[in-house]
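In: Let me see the structure of the following:
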Amino acid sequence: MEAQEIIQCRGHPLVSGNHPTTFEVTAESHLTSTGDCIIGIAADKGCAGLSAEFKNVLSHDDARLLTRLMCGEVTIEIHSRGSSQFTLSHPTDMVWRRSTFVCGRTIGILSDHVAATLPEDLIKNLVAEKTMIVTLTATRPG
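Out: Below you'll find the predicted structure:
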């Protein structure tokens with residue numbers, strides 16, 4: 001089983017890419033210096049806006065999530081896991097976590113990248129307020 005979502009967002013001059021355990025994309029259009037996990041703002045959807053098909057595939061313990069971030073000439077892939085605990089209910093936010101913590105904003109757990117490990121060139125493009133395309137591909141066996 002496989003489902004895909006594509007989200008468009010943009011960077012902001014206050015993107016720092018410093019958070020050691022998460023990264024976030026939000027539909028909110030503002031960012032403060034305390035939001036050090038936020039890498040994209042003004043997203044065209046949050047967790048609640050994802051399709052029922054996508055949520056169904058991702059909301060299982062054997063689900064895998066491939067996230068592709070494309071901004072300017074930089075592309076990076078992040079590998080995460082899904083969970084049967086996911087509600088994917090937050091109206092504006094999507095958070096990828098290194099841990100297994102789950103809340104309504106969580107879209108990926110046990111992620112192999114967080115804000116602090118994203119490429120410097122990606123962060124520079126986001127600070128320059130470039131557009132970022134986030135491609136989410138959820139898969140699970142059977």
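In: which residue sits closest to residue 106, ignoring its sequence neighbours?
Out: Distance criterion CB to CB, 6 or more residues apart in numbering; nearest residue to residue 106, sequence neighbours excluded, is residue 95 at 5.5 Å. Bear in mind the C-beta positions are built from the backbone N, C-alpha and C, glycine included.
In: how about low-confidence regions in the chain?
Out: By pLDDT under 70, the chain has no low-scoring segment.
In: who touches residue 137 in this structure?
Out: Contacts here follow CB atoms under 8 Å, 6 or more residues apart in numbering; on that basis residue 137 touches 2, 3, 4, 65, 66, 67, 68.
In: Could you name the helices and strands sitting against the helix or strand encompassing the third one?
Out: Take DSSP states H and E as the rule and residue 4 turns out to sit in strand 2-10. In this structure, strand 2-10 packs against strand 22-26, helix 52-58, strand 131-139, with contacts taken as 3 or more CB pairs under 8 Å, 6 or more residues apart in numbering; DSSP states H and E.
In: Thanks a lot, see you next time.
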